[in-house]
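Novice: coords below, sequence missing:
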């Protein structure tokens, strides 16, 4: 699947973006403001095991969130190793993004490197006094925020450069 990793000429313009941290147990979901400046946590969706090529039954909830929030782009975290190698999780995220792209006729779906997003989210939660055990679902949302915010910041920087 040819999914752009960075914003560019095919930018969807003004509107909300949905960020996803696709895990095997939970999917963290984040949402941006309409101006694409700030990502905030939205919810955690329980992931149900799909066939490996197709997502589980939680997929309908993700599609509902896209529709309910008038999303113009979806950003899916792509987990790769620190040495840029693919894992089972990488393949799951790629398959999830491909299924979303197919289902969301016309809404761009982006894959973005999410290395260290869960580590960053866990550290932020711990620093704010939330235990990892009590805050697992919030950690998934925070990871989605981290993924989406990084993409939004890159989009803003790229737009500034292209506007010059």
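Specialist: Done, it's in. Model, not experiment: these values are computed from the prediction.
Novice: make it CA atoms for all contacts and neighbour counts henceforth
Specialist: Fine.
Novice: just give me the neighbour total for the nearest residue to residue 108 once chain neighbours are set aside.
Specialist: Leaving aside its sequence neighbours, residue 108 sits nearest to residue 73 (C-alpha to C-alpha, 6 or more residues apart in numbering; 5.0 Å). Burial of residue 73 is recorded as 23 neighbouring residues (other C-alpha atoms under 10 Å).
Novice: if I read this right, residue 73 contacts residue 13, doesn't it?
Specialist: No - counting by C-alpha atoms under 8 Å, residue 13 is not a contact partner of residue 73; they are 9.3 Å apart.
Novice: next secondary structure after the lowest-mean-pLDDT helix or strand in the chain?
Specialist: The weakest-scoring helix or strand in the chain, judged by mean pLDDT, DSSP states H and E, is helix 117-127 (a mean of 55). Under the assignment DSSP states H and E, the closest C-terminal helix or strand after helix 117-127 is helix 136-163.
Novice: can you pull the buried residues of that next one?
Specialist: Using 16 or more other C-alpha atoms under 10 Å as the test for burial, helix 136-163 gives 136-152, 155.
Novice: ok, now stretch 96-107?
Specialist: For stretch 96-107, by 16+ other C-alpha under 10 Å, it's 96, 97, 98, 99, 100, 101, 104, 107.
Novice: what's the spacing between the fifth one and residue 38?
Specialist: To residue 38, residue 100 is 23 Å away according to C-alpha to C-alpha, to the nearest Å.
Novice: do the last one as well
Specialist: As defined by C-alpha to C-alpha, residue 107 lies at a distance of 20 Å from residue 38.
Novice: which stretches in the chain count as strands?
Specialist: 16-22, 26-32, 39-46, 71-78, 109-113 (DSSP state E).
Novice: remind me what the fourth one packs against, helices and strands.
Specialist: In this case it means strand 71-78. Helices and strands touching strand 71-78, by 3 or more C-alpha pairs under 8 Å, 6 or more residues apart in numbering; DSSP states H and E, are strand 16-22, helix 88-103, strand 109-113, helix 136-163.
Novice: residue 42 is nearest to which of these?
Specialist: Set against residue 42 and scored by C-alpha to C-alpha, the helices and strands packed on strand 71-78 come closest in helix 136-163, at 6.9 Å.
Novice: so what does the closest one touch, helix or strand wise?
Specialist: Applying 3+ C-alpha pairs under 8 Å, 6+ apart, one finds that helix 136-163 contacts strand 16-22, strand 26-32, strand 39-46, strand 71-78, strand 109-113, helix 117-127.
Novice: let's see it at 6 Å
Specialist: strand 16-22, strand 26-32, strand 39-46, helix 117-127 (3 or more C-alpha pairs under 6 Å, 6 or more residues apart in numbering; DSSP states H and E).
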